[in-house]
Every structure is written in C-alpha cells, then in structure tokens.
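**Student:** Pasting the sequence and the predicted model now:
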2 protein chains.
Amino acid sequence: MAPTKAPDSSRRSDRSRRAILDAALALVTEVGYRRTTIEGIAARAGVGKQTIYRWWPSKAAVLMDAFLDLAGRSAEGVAAESESAGEPDEGEQAPGIPDTGDLVADLKLVLRATVDELNDPVLEAPTRALTAEGIVDAKLGAAFVHKLLDPQLALYVTRLRAAQEAGDVRADVDPRIALELLIGPLMHRWLLRTLPLTHAYADEIVEYAVGGLAPRP
Amino acid sequence: MAPTKAPDSSRRSDRSRRAILDAALALVTEVGYRRTTIEGIAARAGVGKQTIYRWWPSKAAVLMDAFLDLAGRSAEGVAAESESAGEPDEGEQAPGIPDTGDLVADLKLVLRATVDELNDPVLEAPTRALTAEGIVDAKLGAAFVHKLLDPQLALYVTRLRAAQEAGDVRADVDPRIALELLIGPLMHRWLLRTLPLTHAYADEIVEYAVGGLAPRP
DNA sequence: CGCACGAGCCGATACGTATCGTCTTGCAAT
DNA sequence: ATTGCAAGACGATACGTATCGGCTCGTGCG
C-alpha cells in the first residue's frame, strides 16, 4: 500500500517545471486566478496535466511556487540594476531595511516601496489570488505566511530593535506588534480597496505609528 | 433593453428566501466556502436551483445576503438583551462607539468586541469567505465594503471627531487614516493568522495608536 | 360577493458545458 | 528496463439554462 509513490525528483524535467511556472504566472495576470485552470496551464506550457499533478497538490501550490520563483528572479534583477541606476528602485527586500539613523525616513522609504509593489499591475493579480486563497485555506495561508511574509516581517523586527537601542522607540514596545501597526493599515487598504493606496498614505501611517512608539517625554 | 430581467419581488416567497439564506450559512460553516455549491444550497433548503438563480447572480451574492441577514438578526438580539438590562428605549440600529470621555477605554472596549466577533466560530467561516472573495473580485469587494464595512468605519469617524473636539486627538489628524491605524493591524493578524488575536493585542494596538494621535506636548 | 382565469413564482429535473483529478498510451531519455 | 513525459480519454461534479406541472395570488366578470 505505498501511500505515496514518491516521484524521483532527480529525474524531474526542469524545463517542464519552468514552463509550468511561467505559464501559471502569465495566465493569472492575463485572465485572473479564477479562470486559470490546470488544463490551461498545461496547454500553455506544452505539458501534460499529469506532470503538474505529479509535482503539485493544487493550483494554489503551483501559483505559490511560481510567485516565489518570480520574487527570486526579480530580486536578482533589481540587485544587478541598482548598481548602474542612480535612483533606488522599488522592491529592495533582500538587503533589509536601511538604517540611516532616521527611523521615520527609513520606514517611509520601505513603506513607499511596498505601496509601489502592491500597486504594480504585474504583481497585483497573483498576490491577491494567493492572499485570498490563504485567507480561506488555513494550510495554504500558513505556507504563504511562512515562505513569503515572515521573512519580510523579520526585517522590520531587526530595524525596530535597532531603533529601540537608539532610543527612538520605547524599550517596552513589542516589535512584532509595532510592525503590524505599520503594515496592517497598508494591507487593509490594499486588500479591501477602501481608499487609494498612495505614498502620502504610507507617510502618514509612519508618522502616526512612530509617534505612538516613541518615548514619552 | 432588459426584457428578461424583472422578477416581481412582491410575489417572492419569503419562506424560500429564508431557507436559502439559512442553508447557505450553514453549509459555509460546515464544509467551507469552496465546497458549498449552489446545488447543495438548493437541496438543503428544499428549493429549486432556479429559485436561487432567479434572485441572486452568484454564490457570493447569496452568501453576502445571508451574512447581512445574520448581522441584522444578531443586532436585534443584542438590542433585546440591552433592553432587559435597563435601557428602556435604545435605538435598535447601530449602537455606535461609546463616549465616556476616555478615548483609550472606549476604543479598547470596541476593539475587544471586534476581536471576539472575529474569533466567533459561527462568524469566522462566512466572514473569511466573503472577504477573500472580495479581495479577488473587485466588484463584490466594493459591495462588501459599502454594505458591511463602511457603516462600521463611520462609527469610528464620529468617535474620533469627538475626540478631536475634546482635545484627545490632534486636529490635523484625518479620522479615516486614524481608524485604519486601529483596525488595520487587527484585520491583518486575523486575515493572515500570523499570531493569535487576543484582547491583549487589541489593548496594545489602541495604546500605541492613540499615543501617535494625541497632541504633542 | 364569489369564483374562474391567467400571470408568475416555486420545486424539480433534464440538459449541455466546463473543470477537475485519475488513468492509459506511446515515446524519449537514461 | 525503468521512469518521467506529452497527449488525451474518462468519470465525477458543478455550473447555468430551460422547461414542466403545481400552487398562489390578483383581477374581473357574473
């Protein structure tokens, strides 16, 4: 009763894997998550359906891998470009949050970048699809948080810890909560589309939040 | 140019309507949104499929109405309780945020109630399903925000305006942004399940947020 | 008044389509 | 020879539409 016929990953076709990931991402941005089907992905990738079902348990899982793949390549691209470009671009996750000593300015920079990312039409559809799926499916949501969100949040924690040591933030503040004070409102507005998500909004959130975290004179 | 659309709502069977709404809500909490089907709702409600398609355009729309219905009845229940508690004639509609003069205490009360609501197993599944659907489907999301969220948020705006007149909040603060500083983190934690959603968390959010909104001495 | 009559909703169900996830078949690679 | 792969047939659901009698109204004639 072999419960799981473990596929031999050493024999896996990387060519098919990439084609599947690319096709999934393309279809999601083109026709939306609802109307992208496994069969559609297989057809676009020039791949048999079984090749998808062999390696992924669900459409959401495929999209998650595709998204991780995109994030990885995007990070590489930005890192390479930022050397020749004069102005810093968006999506500067890998190196962490800058620490110029000015907490407000640093956070504004990062939150503005996050705003740009969320407003990026290429990233919007897949991100919304994954987030929505994770909200309903606890298992997938946990994977999403663990693989994509937590690493980001950890950057805030280190920056906020530094701010505490510098005396910009009270010592009794929990960084895990402080960070949610910053990105919670951003995500809320983006997810529910209550009002436009702008740089000005990010700036105000930073100012209000840091005001509540700063030492009381 | 819509000759086919115009069911006579005066002849509508309220019995069927209720049965459909109840069945939809029950199925969503029992088997989840994904696996509740229109056919399943019809069968459970003892109703023809066409009776659902006649009055609602989609599964999400049915669930939205079911949810509004639930919220309405729940509000009545609360009103009935508070009546026997001593208040002879309380308005049956939205009670609003209390104003005891202590902004922090008032907000903690309301945010704790919101936490309890979000953790209520009866409300959780339908709320998650509707929110997730709204995140992906902009049209439905707008309806969700307009019918369910905005009325709630308006209560915060009035309370925060009062706080501004009382001098507890700076006059240059936009209440629409201040309110998101409060509920954004709550929703963020609930939606993404990063950490448990507790009263203690609600309290800290209120303290940090109000600290950032208060007049600077 | 009273009672047929027709309009329209209702429960039920058949229908064609879409998508799912599994299974089968050759083929290519190793 | 073994195993992944492309292609697609297959049964199972669920969708949304189209009808079919049955039932409940409001209307108008007697």
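**Tutor:** Now that the structure is in, tell me what you want to look at.
**Student:** Show me what secondary structure element comes after the worst-scoring helix or strand of chain A on mean pLDDT.
**Tutor:** Least confident helix or strand, chain A: helix A:59-81 with a mean of 77, by mean pLDDT, DSSP states H and E. Going down the chain from helix A:59-81, the next helix or strand is helix A:103-119, by DSSP states H and E.
**Student:** In contact with the most centrally placed residue in chain A, which residues?
**Tutor:** Central residue of chain A (CA atoms, centre = their mean): A:Leu148, 5.3 Å from the mean position. Neighbouring residues of A:Leu148 by CB atoms under 8 Å, 6 or more residues apart in numbering or on different chains: A:Phe67, A:Leu68, A:Ala71, A:Leu130. All C-beta atoms are positioned from the backbone trio N, CA, C, and that covers glycine.
**Student:** Can you flag the buried ones in those?
**Tutor:** With burial judged by 16 or more other CB atoms under 10 Å in any protein chain shown, the buried subset of those is A:Phe67, A:Ala71, A:Leu130.
**Student:** could those go into CSV alongside distance to B:Val136?
**Tutor:** Shown next, in CSV, are the buried ones among the contacts of A:Leu148 (distance: CB to CB, whole Å):
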residue, distance to B:Val136
A:Phe67, 15
A:Ala71, 20
A:Leu130, 10
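**Student:** Please identify which of those residues is nearest to DNA strand C.
**Tutor:** DNA strand C has its nearest neighbour among the buried ones among the contacts of A:Leu148 in A:Leu130, at 15.5 Å by CB to the nearest atom of the strand.
**Student:** Say whether chain B is contacted by the one helix or strand the closest one maps to.
**Tutor:** Using DSSP H and E, A:Leu130 sits in helix A:121-136. Yes. Under the criterion of CB under 8 Å from any CB of the partner chain, chain B is reached by helix A:121-136 at A:Arg128, A:Ala129, A:Thr131, A:Ala132, A:Glu133, A:Gly134, A:Ile135, A:Val136.
**Student:** Now the last one: closest residue in space, sequence neighbours ignored.
**Tutor:** Here the nearest residue to A:Val136 in space, its sequence neighbours aside, is B:Ala132; by CB to CB, 6 or more residues apart in numbering or on different chains that works out to 4.7 Å.
**Student:** residue contacts, that neighbour?
**Tutor:** Per CB under 8 Å, 6+ apart, neighbours of B:Ala132: A:Ala132, A:Glu133, A:Ile135, A:Val136, B:Tyr33.
**Student:** Lowest-confidence one in these?
**Tutor:** Lowest pLDDT of these: B:Tyr33, 86.
**Student:** Can you name every helix or strand that the helix or strand containing A:Arg159 contacts?
**Tutor:** Element membership for A:Arg159, per DSSP H and E: helix A:150-165. Under the contact definition 3 or more CB pairs under 8 Å, 6 or more residues apart in numbering or on different chains; DSSP states H and E, helix A:150-165 sits against helix A:103-119, helix A:175-192.
**Student:** repeat that with 6 Å
**Tutor:** helix A:175-192 (3 or more CB pairs under 6 Å, 6 or more residues apart in numbering or on different chains; DSSP states H and E).
**Student:** domains in chain A, as residue ranges please.
**Tutor:** Using automatic domain parsing, the domain parsing of chain A gives A:13-66, A:90-213.
**Student:** which parts of chain A sit against DNA strand C?
**Tutor:** With CB under 7 Å from any atom of the strand as the criterion, chain A comes near DNA strand C at residues A:Arg11, A:Arg35, A:Thr37, A:Ile38, A:Glu39, A:Gly40, A:Lys49, A:Gln50, A:Tyr53, A:Ser58, A:Lys59.
**Student:** returning to that earlier point: just want the angle from the helix holding A:Leu130 to helix A:103-119.
**Tutor:** Relative orientation of helix A:121-136 versus helix A:103-119 (axes from the mean of the first three to the mean of the last three CA atoms, to 10 degrees): 90 degrees.
**Student:** residues of helix A:121-136 that come out buried?
**Tutor:** Of the residues in helix A:121-136, those buried (16+ other CB under 10 Å) are A:123, A:125-136.
**Student:** again, but for stretch A:14-28
**Tutor:** A:Ser16, A:Arg17, A:Ala19, A:Ile20, A:Leu21, A:Asp22, A:Ala23, A:Ala24, A:Leu25, A:Leu27, A:Val28.
**Student:** do the same with stretch A:134-145
**Tutor:** Within stretch A:134-145, the residues that qualify as buried are A:Gly134, A:Ile135, A:Val136, A:Asp137, A:Leu140, A:Gly141, A:Ala143, A:Phe144, A:Val145, counting by 16+ other CB under 10 Å.
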